[in-house]
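Visitor: below are the sequence and a predicted model; questions follow.
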Amino acid sequence: MIRIRSEQRYELKYLVRHDQAAEVADSLARYMLPDEHGGNRGQYRVTSLYYDTVDHKAYWDKIDGHRNRRKLRVRIYGDQAVTTETRCFLEIKHRLDRALQKRRVVLPYGAAVAMDQMDDLLDAASDEDRSVLEEVEYLYRALRLQPTCVVSYQRRALEGREYEPGLRVTFDTDLKYRIHELTLFANGQATDHYFLSPDWCIMEVKINHRAPYWLTEVIGMHQCVVRRISKYCAALEHSRVVLGRQIHPNL
């Protein structure tokens, strides 16, 4: 089945207990399919290298509630040892009011992190990829972005069936970060820290337009409450590198 995802999607996040998440996932499994990239249960590891300015503009844009904001990251799926040739996604996550856009290109990891040497990539890219790469290069140079934080977690992903091809629900656990050794190369030196207790899970619901009735029923039955949480922001807060300003109490 072809997964149709609209250019602008909508995302709801929930902070739920680990056991609660397992019950929700089991309920949803009656209506949804496991992500085909994650085996029978739709499970795999996600590791992202986030870029930000020296004064953490992306973090404060979120905390201040800016309706038009962007984050740049390099993302790898799976537990494989990363080399310069490892397939990864260079992504711009763009929030515009309540809608979410994610634009990305697939690159070898070594090329993705060489953002100051994009000329050869731009020359060889398709029109669609070139548009993303040009935006990445602009953000990188104009904002003087630098590697800031690595975030990793274990994900279980479920996807809609035939009549909800744009629906996706994910459950992220084992949520860790580091603000040192800012590379995804496996060198055995990096130590990651939990930014949420292992007892908690971040559940995300992504939809093209509106949630089906059975989904709202399941979420209500398990008493899931919407929580505006960003993994990147939560990681920086736990690291205590963003203590220079008062954090908005409602975010």
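Guide: Done, it's in. Residues are numbered from 1 along each chain as shown.
Visitor: now do the helices in this protein.
Guide: Assigned helices in the chain, in chain order: 18-28, 57-63, 109-112, 119-124, 127-142, 213-221, 231-239 (criterion: DSSP state H).
Visitor: quick one: the ones you listed as JSON lines, columns for mean neighbour count too.
Guide: Where you see a C-beta, it was placed from the backbone N, CA and C, and this is true even at glycine. Shown next, in JSON lines, are those (neighbours: other C-beta atoms under 10 Å):
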{"stretch": "helix 18-28", "mean neighbour count": "17"}
{"stretch": "helix 57-63", "mean neighbour count": "21"}
{"stretch": "helix 109-112", "mean neighbour count": "19"}
{"stretch": "helix 119-124", "mean neighbour count": "11"}
{"stretch": "helix 127-142", "mean neighbour count": "14"}
{"stretch": "helix 213-221", "mean neighbour count": "14"}
{"stretch": "helix 231-239", "mean neighbour count": "21"}
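Visitor: okay, strands next: where are they in the stretch 51-200 of the chain?
Guide: For the stretch 51-200 of the chain, the strands defined by DSSP state E, counting those that start in this stretch occupy 68-77, 87-96, 99-108, 146-159, 168-178, 193-194, 200-207.
Visitor: can you say which of those strands is nearest to Glu135?
Guide: Distance to Glu135, taken as C-beta to C-beta, is lowest for strand 87-96 among these, at 6.0 Å.
Visitor: what's the angle from that closest one to strand 99-108?
Guide: Between the axes of strand 87-96 and strand 99-108, defined by axes from the mean of the first three to the mean of the last three C-alpha atoms, to 10 degrees, the angle is 160 degrees.
Visitor: which neighbouring elements make contact with strand 87-96?
Guide: With contacts taken as 3 or more C-beta pairs under 8 Å, 6 or more residues apart in numbering; DSSP states H and E, strand 87-96 sits against strand 68-77, strand 99-108, helix 109-112, helix 127-142.
Visitor: and that strand, how far out from the chain's middle?
Guide: Centre-to-centre, strand 87-96 and its host chain are 8 Å apart (C-alpha atoms, centre = their mean, to the nearest Å).
Visitor: next, the angle helix 231-239 makes with that strand.
Guide: Using the same axes, to 10 degrees: strand 87-96 against helix 231-239 is 90 degrees.
Visitor: ok, the nearest residue to Ile92 once chain neighbours are set aside - contacts?
Guide: Take Ile92 and drop its neighbours on the chain: the residue closest to it by C-beta to C-beta, 6 or more residues apart in numbering is Arg103, 4.9 Å away. Contacts for Arg103 (C-beta atoms under 8 Å, 6 or more residues apart in numbering) come out as Glu91, Ile92, His94, Ser131, Val132, Glu135.
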